[in-house]
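Chemist: no sequence on hand, only this structure:
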């Protein structure tokens, strides 16, 4: 997340004095927004195949606030120093010896060229076991039915204005997802449609019987069908919100610095759920074809949402910003002239007479990688950023940021995948200099150089993608073979095989 | 627009007493939302090729409030009665003799099966001449440059809760578009990029020079490029808003009843602009391929926008509605149990404990054609509806409706079109019972039965599409060949040829 938060670090000093927001009730059954207690330091360990992230010894607050890399990299103190070296920018991958990541997932990363003190990307790869909370439907459990569920989990977290939020999300977000899924363990394993209503206490009578409907309105005489899939999507969406709320509660005590984009993959019961909040990207490369699995959330792609919020809640603009967009900065002497603009309803442009309040700074300005909300931040979804303020102001930016991901679903069972079919996740360090097509070409080139059953081929591919985006040091910069500048940002890549040696039945 | 407004007519009685909203200033140069004066009864006539809509003799308010059909149908009083006959449901098209519609456009319509007193669809087809308002750039006009612009225009308006809004929009919306384009006549004919800023008075110094930039911020050091195309899009978007504002001003004096969906096509300088607000649909069928040119705006497709508005402005819900969605009606006795829900941020579902305010009626409910906002209206964009209230309540629904269209652009010059390539516009009466593929099949079947240079083939195609959606009377209903029910709604179809005899250079 290079250059995406303008001088924001200086404004991240805690405002002090005021007590932190009161945590929401830990009783999940009370309300949809109730925060399940996710103990940061007392996790339930995932089963044996899990990566080592959550089973690592508890770190102190001080250690966590300093530099850390994903535990599955198994870095020694010397290795950690090399990974932190902006000059060498050595590509890091899990060691070729010992336990592989689930599904023989490939991973590689490299630190930025000096734009931030440490690598602000973080990553997580886990197998997570979900134990049912209780017999939620009120019906006693059948002994034949499985007692719990397993999901596979991959997460990339691209931090900005400090590494705290990304580090915290990489440790905890999958546990929030587990918490959300606990109520669904039985329901997801039952082939019948999910109950629309559950009793408040186990054993009470369920009321999902449509005959209970009272006075149905003509527009609403039936009930909607809700799929198992949409329950998982809802669980992931709410997990992101709970993660964000936890950051808000703990931002002082645990020094949660800055914010982060989050790109997360959950594999559960035959389906791949890709949840994205920010400007990382996921694509599937299947038989050479590219299937986009995410879209980016930036001031440009979310302009109308931001403008609508500024229009409906002008107090959020603090008298400093206008919700209108202009194609360039207006000068005071242009008052009364007519300038192109667009508002929250428009995709086209029109002329308007310049009035005094149009001289305020636009809520959304700039283009491409330089687009900003409130002249400060270049991504509009993610976790954290609770302390982020407008430069030289006390105006908070968080109200304009959304912590909710867009979740896309891919059914793994609908297609016979071969060992060369992969899901590629990358932070913007990869995608800033690499197109989807170039990634697909690298997939083809690297994987065809390895035997289909060689489990190291996906790590080799992740390394090739990171190297291809980083380039080599030449002419006072990191340059690609075509002599263009490589990415000076942190770069992190997962390559998840969708068929072949993973054998993830 | 059958069945889409539940008992809304009963609530359309003017509230009386209060004065109508003050009209906005008619001086366009004052503000972007300033309303240009579009005289309803003193139009500037389009040139000779134009349809007869706007050059028809001025009708009295009384006549307009009663039944009327598009003037290009040239209906005699007897023909008007036949067109108004719910029992016969005769398909209407322009007469085969006399002047054809521009581009040999085909048109056909049929009245509903009795669900409203008259046909609440309206249509318009015009060639509109736009005279430049003045030398907007301050530079004297070159005599060699054209003095004005011509655009071709087609509009379908699907009324609900009365025919007034659709009738008014069919008479006036293209004139609002013309008003918006007046300032752009010179700019659109100048191949250089549009000026970002115009002087307030003609002849004053322009200030589009980027060197005028004051203290550029790092995120905003450059100016955005604005295309000619995006100016036309902006003009159409604002024209919809001005049309809607005019309806608000005149709704008492002129008895503007109900509201309408609007689907509009503008052809200007080689490009086709398709603007849609509502649930009509436009597709291009090109060499058998289907290119969607619009999407529908309904409570289901706009659920999250509606919920967000209800969440941010709870006063709009009047204590009667909840912004949360539930898959069925909650009963009071279910208080405390846990029900599936989703809010403005979610696409998935999750369980929440039912609280007292969840017993309110959901802002959005129902599925498919039965989906409703506030239990009342089934479309979420369009013109009019200023008096629409929730059934048995004084709560206004208009704040949740948007008058803004989505505009898609199709460049006619990028492809060599053959005489069988057409743009098909239809109200929901067509699309409720006809898929895109079925329309494409009918395009192929009908057009191949006519010579490519036979200008009547597009009318024959429009008639075939309307007949295919209406069906024939059988077994106490209008039935399709597969014995399913045909559409009992008003059905209106334009078929616009994109190549061939139109010769629209």
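Modeler: Yep, that arrived. These numbers come from a predicted model, not from an experiment.
Chemist: who does the lengthiest strand in chain A touch, helix- and strand-wise?
Modeler: Secondary structure of chain A per DSSP state E: the longest strand is strand A:148-160. Where contact means 3 or more C-beta pairs under 8 Å, 6 or more residues apart in numbering or on different chains; DSSP states H and E, strand A:148-160 is packed against strand A:121-131, helix A:164-182, helix A:185-189, strand A:259-268, strand A:422-426, strand A:491-497. In short, each C-beta sits where N, CA and C put it, glycine included.
Chemist: so what's the gap between the last one and the chain middle?
Modeler: With C-alpha atoms, centre = their mean, to the nearest Å as the basis, strand A:491-497 stands 14 Å off its chain's centre.
Chemist: which parts of it are buried?
Modeler: A:491-497 (16 or more other C-beta atoms under 10 Å in any protein chain shown).
Chemist: quick one: work out the angle between it and strand A:148-160.
Modeler: Orientation note: strand A:491-497 sits at an angle of 160 degrees relative to strand A:148-160 (axes from the mean of the first three to the mean of the last three C-alpha atoms, to 10 degrees).
Chemist: for chain B, what's its nearest residue on the stretch 301-450 of chain A.
Modeler: Residue nearest to chain B within the stretch 301-450 of chain A: residue A:348 (2.9 Å; C-beta to the nearest C-beta).
Chemist: out of the buried residues of strand A:491-497, who's nearest chain B?
Modeler: Taking these together and measuring to chain B by C-beta to the nearest C-beta, the closest member is residue A:496, at 21.9 Å.
Chemist: residues in contact with that closest one?
Modeler: Shown in contact with residue A:496 (C-beta atoms under 8 Å, 6 or more residues apart in numbering or on different chains): A:103, A:105-106, A:154, A:265, A:422-425, A:458.
Chemist: and with 7 Å instead?
Modeler: A:103, A:105, A:154, A:265, A:422-423 (C-beta atoms under 7 Å, 6 or more residues apart in numbering or on different chains).
Chemist: got it, and residue A:330?
Modeler: Applying C-beta under 7 Å, 6+ apart to residue A:330 gives the contacts A:339, A:354, A:358-359.
Chemist: cool, and residue A:170?
Modeler: Residue A:170 neighbours (C-beta under 7 Å, 6+ apart): A:70, A:122-124, A:155, A:157.
Chemist: so which of those is surrounded by the most neighbours?
Modeler: Ranked by neighbour count (other C-beta atoms under 10 Å in any protein chain shown), these have residue A:157 at the top, with 33 neighbours.
Chemist: please tell me how far that one sits from chain B.
Modeler: Look at residue A:157 and chain B: by C-beta to the nearest C-beta, to the nearest Å, they are 20 Å apart.
Chemist: low-confidence ranges, chain A, go.
Modeler: A:1-66, A:134-146, A:201-221, A:252-255, A:500-505 (pLDDT under 70).
Chemist: how does it divide into domains?
Modeler: A:71-133+A:148-190+A:227-297+A:403-497, A:302-378 (the TED database).
Chemist: now tabulate those domains in JSON lines and tack on distance to residue B:171.
Modeler: Formatted as JSON lines, the domains of chain A follow (distance: least, C-beta to C-beta, whole Å):
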{"stretch": "domain A:71-133+A:148-190+A:227-297+A:403-497", "distance to residue B:171": "41"}
{"stretch": "domain A:302-378", "distance to residue B:171": "23"}
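Chemist: distance of residue A:456 from residue A:165?
Modeler: Distance of residue A:456 to residue A:165, given as C-beta to C-beta, to the nearest Å: 32 Å.
Chemist: what of residue A:287?
Modeler: For residue A:287, the distance to residue A:165 equals 37 Å [C-beta to C-beta].
Chemist: before we move on, the earlier item: minimum distance to residue B:161: which of the helices and strands packed on strand A:148-160 has it?
Modeler: Of all those, it is helix A:185-189 that lies closest to residue B:161, at 42.0 Å by C-beta to C-beta.
Chemist: give me the number of residues near residue A:72?
Modeler: 23.
Chemist: touching stretch A:147-156 from outside, list them.
Modeler: Against stretch A:147-156 from outside (C-beta under 7 Å, 6+ apart): A:102-103, A:105, A:121, A:123-132, A:170, A:173-174, A:181, A:185, A:188, A:262-268, A:280, A:425, A:427, A:492, A:494, A:496, A:504.
Chemist: buried sites along that stretch?
Modeler: Neighbour counts over stretch A:147-156 (16+ other C-beta under 10 Å) mark A:149-156 as buried.
Chemist: top helix in chain A by residue count?
Modeler: In chain A, with assignment by DSSP state H, the single longest helix is helix A:228-250.
Chemist: which SSE is the residue in chain A sticking out farthest from the centre in?
Modeler: Farthest-out residue of chain A from its mean C-alpha position, per C-alpha atoms, centre = their mean: residue A:336, at 44.4 Å. Taking DSSP states H and E as the definition, residue A:336 sits outside all helices and strands.
Chemist: one more: the one 4 residues further on?
Modeler: Residue A:340 belongs to strand A:338-341 when elements are defined using DSSP H and E.
Chemist: more neighbours: residue A:287 and residue A:165, which one.
Modeler: Taking other C-beta under 10 Å, residue A:287 and residue A:165 do not tie; residue A:165 has more neighbours (31 against 9).
Chemist: who's in contact with that one?
Modeler: In this structure, residue A:165 makes contact with A:159, A:247, A:256-260, A:383-384, judged by C-beta under 7 Å, 6+ apart.
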